[in-house]
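Asks: following is a predicted model, sequence given first.
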Amino acid sequence: MTVKIKPYKDSDLNKKQQVTKMFDTISKDYDGLNRVISFGIDIKWRNKVVDIVSKSKPNTILDIATGTGDLAISLTKTNAKEIIGLDISEGMLEVGKQKIANKQLDDTIKMIIGDSENLPFDDNTFDAITVAFGVRNFENLDKGLSEILRVLKPNGTFVILETSVPTKTPFKQGYKFYTKYILPTIGKIFSKDRSAYSYLSESASIFPHGEALNNILRKNGFIDVSNKPQTLGVASIYIASKS
């Protein structure tokens, strides 16, 4: 089966220009900075997502907010026949395309520009859908989740990997200090966009996590919703399905 992709429409792009420009600007630094900022633990988190998705043995996977394609590349371990990485940033996609070409994965992974809130696919297209560190950048979370539900097949698997805030002392205080002071400082030193990593840390601190995000998923029609905190709660993996 070959997934049919509808032409990308940029009618809503103006509302998202700030985030798009930010990711375009930091695209070449993004992978290296992620390894430094997360101490490399983000690789372990992505591998857990792959293990979860693998259980459903999907043929078609959509990776939304794919960025430079790290998760899309890891998802080839599921033996899916077709993986589509979608992102609104052309800069991030270009970096990802080069990585995919270097690994000779062009036949399996397609990288396309697109808006998570206006997905260019027919209803019930994908066996599995993933979003890693992207849902907090949705302009309209409910609209993005409803679009994901629309293109996910019945009984399909939806997995989110997202930052969260630890709830236990002293990890909660340590996390807040790190994200408020250390993370933006690293971004200022190594990134072209001095404000980018301040935005990323601030958006992570206010985004709903844990049971709050579980309830949002349920409200938007997902079933079998659960979440698994990772590394003392600094990230969480959310798992859901479609009836």
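Replies: Sure thing, it's come through.
Asks: quick check: Asp123 touching Ile148?
Replies: No: taking contacts as C-beta atoms under 8 Å, Asp123 lies outside contact range of Ile148: 11.6 Å. Bear in mind the C-beta positions are built from the backbone N, C-alpha and C, glycine included.
Asks: so which of those two has more stuff around it?
Replies: Ile148 (29 against 9; other C-beta atoms under 10 Å).
Asks: now do the SS call for Val50.
Replies: When classified by DSSP: H, G, I helix; E, B strand; the rest coil, Val50 comes out as helix.
Asks: start at 873, not 1
Replies: With 873 as the first residue, the last one maps to Val922.
Asks: can you tell me which residues contact it?
Replies: Contacts for Val922 (C-beta atoms under 8 Å, 6 or more residues apart in numbering) come out as 943, 946-947, 949-950.
Asks: drop anything exposed from those.
Replies: In the contacts of Val922, burial by neighbour count holds for 943, 946-947, 950, counting by 16 or more other C-beta atoms under 10 Å.
Asks: let me have the residues you listed in TSV, extended by secondary structure.
Replies: Listed next are the buried ones among the contacts of Val922 as TSV, based on three-state DSSP:
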residue	secondary structure
Leu943	helix
Ser946	helix
Leu947	helix
Thr950	helix
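Asks: pLDDT wise, what is the residue nearest the centre of the chain at?
Replies: Nearest to the mean C-alpha position of the chain, counting by C-alpha atoms, centre = their mean, stands Ala1004 at 2.4 Å. The model reports Ala1004 with a pLDDT of 96.
Asks: just checking, it touches Ala937?
Replies: Yes: with contact defined as C-beta under 8 Å, Ala1004 and Ala937 form a contacting pair (7.1 Å).
Asks: what's the mean pLDDT across the longest helix anywhere in the chain?
Replies: The helix that spans the most residues within the chain, counting by DSSP state H, is helix 889-909. Per-residue pLDDT over helix 889-909 has a mean of 73.
Asks: in that helix, what counts as buried?
Replies: Buried residues in helix 889-909 (16+ other C-beta under 10 Å): 891-892, 894-899, 901-903, 905-906, 909.
Asks: enumerate the positions of stretch 1033-1041 that are buried.
Replies: Quick answer for stretch 1033-1041 (16+ other C-beta under 10 Å): 1033-1038.
Asks: then stretch 921-929?
Replies: Within stretch 921-929, judged by 16+ other C-beta under 10 Å, the buried ones are 921-922, 924-926, 928.
Asks: for that stretch, what is the distance to the chain centroid?
Replies: Centroid separation between stretch 921-929 and its chain, computed with C-alpha atoms, centre = their mean, to the nearest Å, is 16 Å.
Asks: need the residues that contact the longest strand belonging to the chain.
Replies: Identified as the longest strand of the chain according to DSSP state E is strand 1024-1035. When contacts are defined by C-beta under 8 Å, 6+ apart, strand 1024-1035 is touched by residues 917-918, 921, 924-925, 927-928, 930, 943, 996-1008, 1020-1021, 1076, 1079, 1081, 1085, 1094, 1106-1115.
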